[in-house]
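Trainee: Here's my sequence, what's the structure:
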Amino acid sequence: MASYDFSTHRLFVTADLGPGARFVLSHDQANYLMNVLRMAQGQRFLAFNGRDGEWQVELSGGSRKAPEVLAVQQMRPQPDAGDLWYLFAPLKSARLDYMVQKAVEMGASRLVPVMTHRTVAARVNLERMRANAVEAAEQCGILSVPDVADPIRIESLVGAWQTDRILVWCDEDAPITNPLTALSSVQPGMPLALLIGPEGGFDAAEREKLLRLSNSLRISLGPRILRADTAAVAALALLQACCGDMAIDAVHKGRA
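Mentor: This next block holds a predicted model:
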């Protein structure tokens, strides 16, 4: 079992954290701690900002609407940032919330909405995406909140794709039906991005553009047709296990 303290409340903050650092909570955070949890002066919780690790902090002054917090002790150092981009055709409301949360739990370091011909959601609420990413990080002991990028058209994405990052994209027509076999050519630790298409898949023109990329890898997710949010979890788990942080951790333990 991971040595995380899941019994103590955790909050993501934007302030710097260090010995003796003081900061004031936001209105929403103050309402949550003081009115929902009914915490009092002197009580402690955990805070992280994605830069300075995780800290035990204490309510140390201020008012109920703007409580002051004191950083007491670092509980965990800041780990190295992951480097797995998750690119996806946006879904509607609740399913998009779920997909963002699961992507954060699976170690995505950057979230990029990609508008395709068959994308069902015409607009993307980036603030809601960020809020879901923060909530997932708070609940799961994650110390880094992924970047949330502006939406991009798939044509622009492919046209500007950088050559040092492998673009893994899911396609039910991939010639290699076993995704483990397809991913075996990717070395653990290589910069990766995962692209999940819309319901109905990529159209013929989009598929052709992706196939022409020199640094892309098409994989199948097996014999079943998965919903886009389910495909996200399945594909992220495969990438992390085969060539992502799970694979790197296994290599390091094997050398120990």
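Trainee: and the one helix or strand Thr230 maps to, which residues are buried?
Mentor: In this structure, Thr230 sits in helix 228-243 according to DSSP states H and E. Residues 228-236, 238-240, 242-243 are the ones in helix 228-243 that count as buried (16 or more other C-beta atoms under 10 Å). (Glycine included, C-beta is placed from N, CA and C.)
Trainee: do stretch 69-77 as well
Mentor: Quick answer for stretch 69-77 (16+ other C-beta under 10 Å): Val69, Leu70, Ala71, Met75.
Trainee: and the third one, that one's in a helix?
Mentor: This means Ala71. No - assignment of Ala71 by DSSP: H, G, I helix; E, B strand; the rest coil gives strand, placing it outside any helix.
Trainee: right, and it touches Ala47 too?
Mentor: Yes - contact status for Ala71 versus Ala47: in contact at 7.4 Å, counting by C-beta atoms under 8 Å.
Trainee: what do the two both touch?
Mentor: Leu17, Trp55, Val57 (C-beta atoms under 8 Å, 6 or more residues apart in numbering).
Trainee: Can you classify the last one by secondary structure?
Mentor: Okay, so that is Val57. strand.
Trainee: who's it bridged to?
Mentor: Beta bridges link Val57 to Phe45, Ala71, judged by DSSP bridges.
Trainee: List the contacts of it.
Mentor: By C-beta under 8 Å, 6+ apart, the contact list for Val57 reads Leu17, Arg44, Phe45, Leu46, Ala47, Val69, Leu70, Ala71, Val72.
Trainee: Same list (those) but as CSV, adding pLDDT.
Mentor: Output for those, formatted as CSV (pLDDT from 0 to 100):
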residue, pLDDT
Leu17, 97
Arg44, 95
Phe45, 96
Leu46, 97
Ala47, 97
Val69, 96
Leu70, 96
Ala71, 97
Val72, 96
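Trainee: and of those, the nearest to Arg130?
Mentor: The nearest member of the contacts of Val57 to Arg130, counting by C-beta to C-beta, is Ala47 at 17.6 Å.
Trainee: name the element that closest one belongs to?
Mentor: Using DSSP H and E, Ala47 falls in strand 44-48.
Trainee: I'd like to know which elements that strand is packed against.
Mentor: strand 10-12, strand 54-62, strand 67-76 (3 or more C-beta pairs under 8 Å, 6 or more residues apart in numbering; DSSP states H and E).
Trainee: Now tell me what touches that strand from outside.
Mentor: Residues outside strand 44-48 that contact it (C-beta under 8 Å, 6+ apart): 5, 8-13, 17, 33, 39, 54-59, 69, 71-72, 75, 137, 143.
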